[in-house]
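curious how this folds, go ahead:
(chains A and B)
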There are 2 protein chains.
Amino acid sequence: MEHRLIANLKENYQIIFNNISLLEQAFTHSSYVNEHRNLHISDNERLEFLGDAVLELLVSRFLFQTYPNVSEGKLTKLRAAIVREDSLASFAKECEFDQFIRLGKGEENSGGRKRASLLCDLFESFLGAVYLDQGLEVVEGFLAQVIFPKVIAGAFSHEMDHKTRLQEVLQKAGDVNIDYRLVKEEGPAHDRHFWTEVYCDEVLIGQGTGRSKKMAEQAAASDALQRLEK
Amino acid sequence: MEHRLIANLKENYQIIFNNISLLEQAFTHSSYVNEHRNLHISDNERLEFLGDAVLELLVSRFLFQTYPNVSEGKLTKLRAAIVREDSLASFAKECEFDQFIRLGKGEENSGGRKRASLLCDLFESFLGAVYLDQGLEVVEGFLAQVIFPKVIAGAFSHEMDHKTRLQEVLQKAGDVNIDYRLVKEEGPAHDRHFWTEVYCDEVLIGQGTGRSKKMAEQAAASDALQRLEK
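Residues are numbered from 1 along each chain as shown, chains lettered A, B, ... in the order given. Below is the predicted model of the structure:
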């Protein structure tokens, strides 16, 4: 399992662990430790404790920066929707982490590999391990691939989808042509940044930057909305 | 009020803000903003949202590193005790932050300046402002002065006080002489580190380091306990 996991992390998320035993610990459920006491290994629970807090900070920072005009109340609701159990479990599955967790036999037979609470804990313990091994910015780069684009696309709150809202606002007065143009992209593949401009009937109304084309477009739409509201 | 606050932060915590308006925002309650709409200022609620997550991560990291052999369950309980409302309110009062918060008249008259929930929010929004202005490590330095020594001293969980536990363990077999010796201190005043050794009847049984003498002694006691338990 280990080689496939290492290859998965490298290929999909550009993450290369220095301390492989930390990665192994993140993927070790307590039921496995209980059945292999002779191995003297640790389960992933302490890493989950740490990863939970790392996730909380990075999601908060992202929301704080991405939505400069949104109230604390809405930000708190949005954060809760992003970090809740079934959201994190679905991220873990999307990353195929469920294939790599080491479970005890009883846990395996009772369907633990598909259980949301177990997958949620696994996702957090993975983040804790990446944080210890690679630091906060590498965890952020991972979340910028796995979570943040979904937030920007409105997966956790429709009203946060700026492109949709901009369209609604602009088309109130009748049909207009809204056009997003990629004007620059820069940086290596794992840390690429995109700059986008949004035009309404050929008039520049907003600019934005982000770690993907979609995120840059959403940022440009958000910028346009702020200018329109002034 | 502003000058006294700035002096307080500099003298007591070696914190010098670059962006004073962030500091002002952290000390501005929504009731003040509501009564001064003409000033176009922002309240501290968004900073509180961010500061809450910064505190969560730094407390988690501190506990994770300080107690390498404590279970996730105990760490979670301890973290909850440290970041709960009345704890944070008492830290805010200890730092004299209650003197500097800007309140609306109604809030002032109804005793808001002494209300635990308001002081707790203030403490978190201050951390959010320090984080944005100075970065994570400066917030950690502040917590290392205001919160961590209390944790180490067992203020939130008696069983976490290593010096008390070491004494209990060693004196089970009769009276012994336990001696903590400061062997090194290094670094500038705002980032000083201490190294301590603990001796039992003149035999070296543990070593520890920390950001204060007390914390180094607790770390040495923890180290001794781990060696004894092996």
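
so A:Asp43 makes contact with A:Glu35?
No - applying CB atoms under 8 Å as the test, A:Asp43 and A:Glu35 come out as separate, 11.3 Å apart. Just so you know, the C-beta spots here come from the backbone N, C-alpha and C atoms, and that holds for glycine as well.

what segments of chain A are helices?
A:2-13, A:20-26, A:30-35, A:45-66, A:72-83, A:85-94, A:105-109, A:116-134, A:136-146, A:148-152, A:162-170, A:213-229 (DSSP state H).

now tabulate those helices in CSV and tack on mean pLDDT, mean neighbour count and distance to chain B.
Below are the helices of chain A laid out as CSV (pLDDT from 0 to 100; neighbours: other CB atoms under 10 Å in any protein chain shown; distance: least, CB to the nearest CB, whole Å):
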stretch, mean pLDDT, mean neighbour count, distance to chain B
helix A:2-13, 94, 14, 21
helix A:20-26, 96, 20, 12
helix A:30-35, 95, 17, 9
helix A:45-66, 97, 23, 4
helix A:72-83, 93, 17, 4
helix A:85-94, 96, 18, 16
helix A:105-109, 95, 13, 17
helix A:116-134, 97, 24, 8
helix A:136-146, 97, 18, 8
helix A:148-152, 91, 21, 15
helix A:162-170, 85, 18, 18
helix A:213-229, 88, 20, 15
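
who wins for proximity to B:Cys200 among these?
helix A:45-66 (29.2 Å; CB to CB).

close enough to count as contact, A:Phe64 and B:Glu48?
No - in this structure, A:Phe64 is not within contact of B:Glu48 by CB under 8 Å, at 10.8 Å.

tally of neighbours for A:Ser71?
Neighbourhood size, A:Ser71 [other CB atoms under 10 Å in any protein chain shown]: 13.

quick one: it and chain B, what's the gap?
According to CB to the nearest CB, to the nearest Å, A:Ser71 stands 7 Å off from chain B.

which residue sits closest to that residue, ignoring its sequence neighbours?
B:Glu45 (7.0 Å; CB to CB, 6 or more residues apart in numbering or on different chains).

for A:Thr28, same thing?
Nearest to A:Thr28 is A:Arg102, by CB to CB, 6+ apart, at 4.9 Å.

can you check A:His29 too?
Closest residue to A:His29 apart from its sequence neighbours, by CB to CB, 6+ apart: A:Leu103 at 5.0 Å.

OK, contacts around that neighbour?
Applying CB atoms under 8 Å, 6 or more residues apart in numbering or on different chains to A:Leu103 gives the contacts A:His29, A:Ser31, A:Tyr32, A:Gly112, A:Arg113.

just checking, the third one touches A:Lys105?
Translated: A:Tyr32. No - in this structure, A:Tyr32 is not within contact of A:Lys105 by CB under 8 Å, at 9.1 Å.

next, count neighbours for the residue nearest to A:Thr28.
Using other CB under 10 Å, A:Arg102 has 21 other residues around it.

who does A:His193 bridge with?
Residues in a beta bridge with A:His193, per DSSP bridges, are A:Glu186.

could you pull up the residues touching it?
A:His193 makes contact with A:Glu185, A:Glu186, A:Gly187, A:Thr209, A:Gly210, A:Arg211, A:Ala216, according to CB under 8 Å, 6+ apart.

most neighbours among the residues you listed, which one is it?
Neighbour counts for the contacts of A:His193 peak at A:Ala216, which has 26 neighbours (criterion: other CB under 10 Å).

check contacts around that one.
By CB under 8 Å, 6+ apart, the residues touching A:Ala216 are A:Leu182, A:His193, A:Phe194, A:Trp195, A:Thr196, A:Gly208, A:Thr209, A:Gly210.

can you read off the pLDDT for the residue positioned nearest the centre of chain A?
The residue lying closest to the centre of chain A (CA atoms, centre = their mean) is A:Ile147, at 2.1 Å. Looking at A:Ile147, its pLDDT stands at 97.

so it makes contact with A:Leu63?
No - if you go by CB under 8 Å, A:Ile147 and A:Leu63 don't touch, sitting 10.9 Å apart.

domain map for chain A?
Annotated domains of chain A cover A:2-152, A:161-229 [automatic domain parsing].

to B:Val203, which of these lies closest?
Among these, domain A:2-152 comes nearest to B:Val203, with 28.1 Å by CB to CB.

start to end distance for that closest one?
Chord length of domain A:2-152, first to last residue, is 33 Å (CA to CA, to the nearest Å).

stretch A:153-171 too?
20 Å.

contact partners of that stretch?
Outside stretch A:153-171, the residues that touch it by CB under 8 Å, 6+ apart are A:67, A:70, A:74, A:77-78, A:81-82, A:87, A:150-152, A:176, A:178, A:198, A:200, A:206, A:214, A:217-219, A:221-222, A:224-225, A:228.

ok, back up a step: now the contacts of A:His193 as CSV including distance to B:Glu168?
Shown next, in CSV, are the contacts of A:His193 (distance: CB to CB, whole Å):
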residue, distance to B:Glu168
A:Glu185, 63
A:Glu186, 61
A:Gly187, 57
A:Thr209, 58
A:Gly210, 56
A:Arg211, 53
A:Ala216, 60
